[in-house]
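A.B. asks: how would this look folded up:
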Amino acid sequence: MRNQDSGNATQSQVQSVDRAISVLELLARNGETGITEIAGELGVHKSTASRLLSVLESRGLVEQLGERGKYAIGFGIVRLAGAATGRMDLAKLGRASCLSLAEELGETVNIAIADDGVAINISQARGAAAITTQNWTGQRTPLHATSSGKILLAYMAEAERKRVLKRKLEQYTPRTTVEPDELMTELERILEDGFAACYEEFELGMHAVAVPIHGPGGDVVAAMSASGPSYRLSKQRVKQIVRPMTEAADELSAQLGYFRD
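C.D. replies: Below you'll find the predicted structure:
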């Protein structure tokens, strides 16, 4: 009986979310709209529509135009849209940086952002010597086992980083670091060095190095990485390419509105 009640409650919550999204789409399409029309479009009673609008209004996603007036899209939507636009700008600007750096290094270059405890690749370019044909754009990769992920983890807010490290960290290869204390020591070193490297930690035979990309306020908003086969991207070569990678990341950061002191 409890399971059935729980299932019904979940279904009701999903339905409420769906209706709330329908309200936003309706207002975006029609502009100012009265509650009677909104209720009719949703196929619900006016009291149900009123409750939905009240919640959306409390979050700034809709606003009522005057007392007992019609409803319109609120400025809270601008805040949400701004976050998405920022990511799109980064992906668009980053594409040119990836292409230029990939051509210079001959390796595969990626840009990744942190999202809900993982890294998501938003841009990629392959150099002339790249051996992999896999497109990582849109793919989710672990923070603890990739060079980009370690950059994002190192510069992450402490509370968020602790949440990630509290989870059971998957061991992808015998070289993957899964002990939180050991990983924290490495993250501190990354902050000092300004770059992160992974040697066969996510995939055997592959090495990678990453550097941070800063946003307008100075926070690290993404990581730029170069990856290649271990026989070519040796530890010595990793150190050699950190400088051109940092220069490329700094140039992209400047385009985003950040300049080093």
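A.B. asks: and residue 224, that's in a strand?
C.D. replies: Yes: counting by DSSP: H, G, I helix; E, B strand; the rest coil, residue 224 is part of a strand.
A.B. asks: remind me which residues of the protein are low pLDDT?
C.D. replies: By pLDDT under 70, the low-scoring segments of the chain are 1-10, 67-68, 78-88, 129-134, 136, 261.
A.B. asks: ranges for the helices of it?
C.D. replies: Counting by DSSP state H, one finds helices in the chain at the ranges 2-30, 35-42, 46-58, 76-105, 147-154, 158-166, 180-193, 235-255.
A.B. asks: Could you say which of those is packed most deeply?
C.D. replies: Highest mean neighbour count among these (mean count of other Cβ atoms under 10 Å): helix 147-154, with a mean of 28. Where you see a C-beta, it was placed from the backbone N, CA and C, and this is true even at glycine.
A.B. asks: thinking again about what came up before, any chance of the helices of the chain in CSV, plus distance to residue 211?
C.D. replies: Putting the helices of the chain into CSV (distance: least, Cβ to Cβ, whole Å) gives the following:
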stretch, distance to residue 211
helix 2-30, 38
helix 35-42, 49
helix 46-58, 41
helix 76-105, 10
helix 147-154, 7
helix 158-166, 19
helix 180-193, 10
helix 235-255, 5
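A.B. asks: Of those, which is nearest residue 118?
C.D. replies: Of all the helices of the chain, helix 147-154 sits nearest to residue 118, with 7.7 Å by Cβ to Cβ.
A.B. asks: Give me the contacts around the closest one.
C.D. replies: 110-114, 118-119, 121, 141-144, 161, 164, 183, 186-188, 190-191, 195-198, 208-212, 220, 222-225, 227 (Cβ atoms under 8 Å, 6 or more residues apart in numbering).
A.B. asks: filter those to the buried ones?
C.D. replies: Among the contacts of helix 147-154, those classed as buried by neighbour count (16 or more other Cβ atoms under 10 Å) are 110-114, 118-119, 121, 141-144, 161, 164, 183, 187, 190, 195-198, 208-212, 220, 222-225, 227.
A.B. asks: Pull the distance from stretch 138-147 to the chain's centre.
C.D. replies: Stretch 138-147 sits 11 Å away from the centroid of its parent chain (Cα atoms, centre = their mean, to the nearest Å).
A.B. asks: Regarding it, how distant is the last residue from the first?
C.D. replies: Stretch 138-147 has an end-to-end distance of 17 Å (Cα to Cα, to the nearest Å).
A.B. asks: Check stretch 209-229 too.
C.D. replies: With Cα to Cα, one end of stretch 209-229 sits 12 Å from the other.
A.B. asks: cool, and stretch 173-184?
C.D. replies: Terminal residues of stretch 173-184 are spaced 19 Å apart (Cα to Cα).
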